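J.: How does the following fold in three dimensions:
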Amino acid sequence: LVQDSVAKQSEDAYCELGVRSMTGIQEGEDTVLPVDCGEAVKCFKVCLEKSPDHPRALGCHGYCFETGRGEVRDVERAIQMYKRAATITKNPHLSQFACYRLGACYETGTGVSKDLSEALSYYYRSLEYVDKDPSEGWPGLRD
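T.: You can find the predicted model right below:
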């Protein structure tokens, strides 16, 4: 199904392929694919070219910058991408991961001043839409 969507150039499909490449996880499958962060970044970039305000792609691509997986590490850019994703009101459940990562950054002082109140605010926001469809917002990243 995702492959068919990619052929039709769906930004959501590119984002999903990016998540699969980054995590190795295929929803509904028992097999785990090899992780390829370089391929994930390519997919996120195509998605963001098609839809610059795609909150899930912003959060996942931001994670690549935050961790240096598939991109040169740039925490400041990651924070900018997370914040942009968090402000998007269309399909806000897709910003769950970006909000979670912002919470983690504020909790640890990674790229921002440490602020536990702000961290909790973003953590709570990341949980607001879990009942809708938790698999859509969270990429299931594993370390």
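J.: can you count the residues close to residue 52?
T.: 11 (other Cβ atoms under 10 Å). Heads up, the C-betas are built off the backbone N, CA and C, glycines and all.
J.: whoops, residue 81 was the one
T.: The burial count assigned to residue 81 is 26, neighbours taken as other Cβ under 10 Å.
J.: show me the contacts for it.
T.: 58-59, 61-62, 65, 98 (Cβ atoms under 8 Å, 6 or more residues apart in numbering).
J.: so which strand or helix has it?
T.: Assigning secondary structure by DSSP states H and E places residue 81 in helix 75-87.
J.: From residue 113, how far out is the most centrally placed residue in the chain?
T.: The chain has residue 60 as the residue nearest its centroid, 2.4 Å off, counting by Cα atoms, centre = their mean. When Cβ to Cβ, to the nearest Å is applied, the distance between residue 60 and residue 113 equals 25 Å.
J.: cool, residue 45 as well?
T.: Applying Cβ to Cβ, the value for residue 45 to residue 113 is 30 Å.
J.: who's more crowded, these two?
T.: For residue 45 and residue 113, the more surrounded residue by other Cβ under 10 Å is residue 45, and the numbers stand at 16 against 7.
J.: if we can go back for a sec, doesn't residue 15 make contact with the residue nearest to the centre of the chain?
T.: Yes. With contact taken as Cβ atoms under 8 Å, residue 60 and residue 15 are classed as touching, separated by 7.1 Å.
J.: so residue 15 is in which element?
T.: Going by DSSP H and E, residue 15 is part of helix 11-23.
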